[in-house]
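Asker: how does the following fold in three dimensions:
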Amino acid sequence: MSALPARRRRRSRAKAPCRVSTLVLYLLPTLLVLHFVAHAFTKRPSPLRPLYGVGASHLPLPHPLRYLRDPTRYLLYVSEYGQLNNQIVSLINGIFFAKSLDAVLVLPFTSLGKESSRDALLANKTASRRTPHQLVFHYFNYSRLLSAHPVVSPVEFFRSEPGKTLLSFPNVTVSYRAGNYYKSLFRTVTNTSHLSISVITHPSRRALSHPDYCNHDAVKELSRHYYQGFHPRFILMPIVFFRHNLNCTAVHPDWISMRRNLLPIDSFLEAVQRFLDTLDPPVLAIHLRLFLNGDLDNTDAYAIVQAFFIRFEEQLNHANTLFLAYSPSSEMSVKVFRLLRKRFSGHVVDGTTYASFFDPHHAHVAQLPLASVLFDMWVCVRSHLFAGRLGSSLSWNVVMWRMALRDQYGLESRVVNSPLWYTLENIATTGVKRKEGLLYGTN
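Answerer: Have a look, this model is predicted:
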């Protein structure tokens, strides 16, 4: 009698694992299906990881269903527009478009054009020309920007599977006037004059206006045209630069937050700090945007200097050092610089010796074609006071960065939030006739 219950007890213990394994077999497929369904409805750029070290390249991590459901989207835009400052604004706009469309941004190369700061060494001052240097990586901090939004360098993108896929299409459709840019870009990355693909242009359906650009939903609607192009994985945008006063940088916090993550590489920031350490504070930085192209014809340099002393009387009396960012190719700017150096009681300096402030290990950075322009710009950002020309992209970039980095650099809120502007419309030809209305702006 006692053996029978023991046998039953052994049988009951043997059956218990079978129930557990059966439950696992039923639940595991259900959990896997729920996981993949949840992932399929997740709309965000893929996470990124370094392939060849920090700052070299970042490409999406693979996922089992990524290429079966909704492959990662990539956004490219026409970056060869204007000078360095226009290219910086275009980059920020490109990041915003990529954010709105859940796309990875393919970063641009730089191009050379006529600069609004020192451009004496630029090989081409009239026509835009692509360089082998990348705007982010050679000039701006790659890792810092990557922490804000998924990006990939143009070199690594075209070496990757998505880039090779883009180059494998027989026909690529882009908007009107963007065709030549993409043809040139594809020739650059393939290192051949012969292309197996053709670029087909079509007229843009809609222009971007001020109300649209300030509205996130309108930007998405506008960009849907480009997203529904020749392939859903690639969004090939036209020029994304618009006048800086239409970029909503002053009214939307996203633009300001993007600037906090778009900073020059460390060697630039260190060189600027070494330069500022040699100056007697407080420093007033003025961007001299003076070119004889219609707005300064028949204008006397003495009148400009006299008007500066009237317009910025309070700031000049307060400053011990005056830093001037200007282009040596502008004869008027050189004349104004020399006159200010004679009349100003403190020190008057410029960035002509910028290369000497770079660490010897980073001397090659100072030789980059646009290094002097970025150096001048960032000295203006870090100065205690700044006065810029209304309508200049360089001045506008400086003002926006000062607003974004006010707390980090210990700048006064009153000074940063009320920037000093000047315009040249009412400078008298032969002298200053009135105290008001010659150079004006908003304090």
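Asker: so what touches stretch 259-276?
Answerer: By C-beta atoms under 8 Å, 6 or more residues apart in numbering, the surrounding residues in contact with stretch 259-276 are 88, 91-92, 136, 138-141, 144-145, 147-148, 283, 351, 354, 357-359, 362, 365-366, 371, 374-375, 378-379, 382-383, 400-401, 403-405, 408. Yep, even glycine has a C-beta here, placed from its N, CA and C like the rest.
Asker: if you count neighbours, what's buried in that stretch?
Answerer: The neighbour-count check on stretch 259-276 (16 or more other C-beta atoms under 10 Å) flags 259, 261-265, 267-268, 271-272, 275-276 as buried.
Asker: save those residues as CSV, and put in pLDDT too.
Answerer: Shown next, in CSV, are the buried residues of stretch 259-276 (pLDDT from 0 to 100):
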residue, pLDDT
Arg259, 88
Asn261, 93
Leu262, 94
Leu263, 96
Pro264, 97
Ile265, 96
Ser267, 96
Phe268, 96
Ala271, 97
Val272, 97
Phe275, 97
Leu276, 96
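Asker: taking the residues you listed one by one, which sit in helices?
Answerer: With helices identified by DSSP state H, the entries of the buried residues of stretch 259-276 that belong to them are 259, 267-268, 271-272, 275-276.
Asker: closest one to Ala98 out of these, please.
Answerer: Out of those, the one with the shortest distance to Ala98 is Arg259. That distance is 15.9 Å, counting by C-beta to C-beta.
Asker: returning to that earlier point: of the contacts of stretch 259-276, select the buried ones using a PyMOL command.
Answerer: Applying 16+ other C-beta under 10 Å to these, the buried members can be selected in PyMOL as follows:
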select buried, resi 88+91+92+136+138+139+140+141+144+145+283+351+354+357+358+365+366+371+374+375+378+379+382+383+400+401+403+404+405
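Asker: so which of the contacts of stretch 259-276 sit within helices?
Answerer: The members of these that map onto helices under DSSP H are 88, 91-92, 144-145, 365-366, 371, 374-375, 378-379, 382, 400-401, 403-404, 408.
Asker: so where's this protein shaky on pLDDT?
Answerer: Along the chain, segments meeting pLDDT under 70 span 1-18, 20-21, 23-24, 35-71, 113-128, 202-230, 242-252, 291-299, 424-443.
Asker: swap the cut-off to 50 and go again
Answerer: When residues are selected by pLDDT under 50, those of the chain lie in 1-2, 4, 6-7, 12, 14-15, 43-70, 116-127, 205-212, 245-246, 428-443.
Asker: domains for this structure, by residue range?
Answerer: By the record's domain assignment, the chain is partitioned as 48-260, 266-422 (automatic domain parsing).
Asker: for His318, the count of nearby residues, please.
Answerer: A count of neighbours around His318, defined by other C-beta atoms under 10 Å, yields 12.
Asker: with distance to Arg129 added, can I get the buried residues of stretch 259-276 in TSV?
Answerer: TSV is the format used below for those (distance: C-beta to C-beta, whole Å):
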residue	distance to Arg129
Arg259	27
Asn261	28
Leu262	23
Leu263	26
Pro264	22
Ile265	23
Ser267	25
Phe268	23
Ala271	26
Val272	27
Phe275	29
Leu276	32
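Asker: farthest-separated two in those residues?
Answerer: Taking C-beta to C-beta as the measure, the buried residues of stretch 259-276 reach their widest spread between Asn261 and Phe275, a distance of 24.0 Å.
Asker: which parts of the stretch 1-150 of the chain are strands?
Answerer: Per DSSP state E, counting those that start in this stretch, the stretch 1-150 of the chain has strands spanning 48-50, 58-60, 73-78, 103-106, 109-112, 129-134. These are given in chain order.
Asker: how about those in JSON lines, adding mean neighbour count and distance to Gln315?
Answerer: As requested, those are exported to JSON lines (neighbours: other C-beta atoms under 10 Å; distance: least, C-beta to C-beta, whole Å):
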{"stretch": "strand 48-50", "mean neighbour count": "14", "distance to Gln315": "44"}
{"stretch": "strand 58-60", "mean neighbour count": "22", "distance to Gln315": "43"}
{"stretch": "strand 73-78", "mean neighbour count": "24", "distance to Gln315": "38"}
{"stretch": "strand 103-106", "mean neighbour count": "24", "distance to Gln315": "39"}
{"stretch": "strand 109-112", "mean neighbour count": "22", "distance to Gln315": "33"}
{"stretch": "strand 129-134", "mean neighbour count": "14", "distance to Gln315": "36"}
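Asker: out of those, nearest to Leu236?
Answerer: Proximity to Leu236 (C-beta to C-beta) singles out strand 73-78 among the strands of the stretch 1-150 of the chain, at 5.4 Å.
Asker: residues touching the closest one, excluding its own?
Answerer: 45, 90, 94, 97-98, 101-106, 108, 152, 157, 162, 166, 178, 181-182, 185, 227, 232-240.
Asker: are any of those buried, and which?
Answerer: Those of those that meet the buried threshold are 45, 90, 94, 97-98, 101-106, 108, 152, 157, 162, 166, 178, 181-182, 185, 227, 233-240, by 16+ other C-beta under 10 Å.
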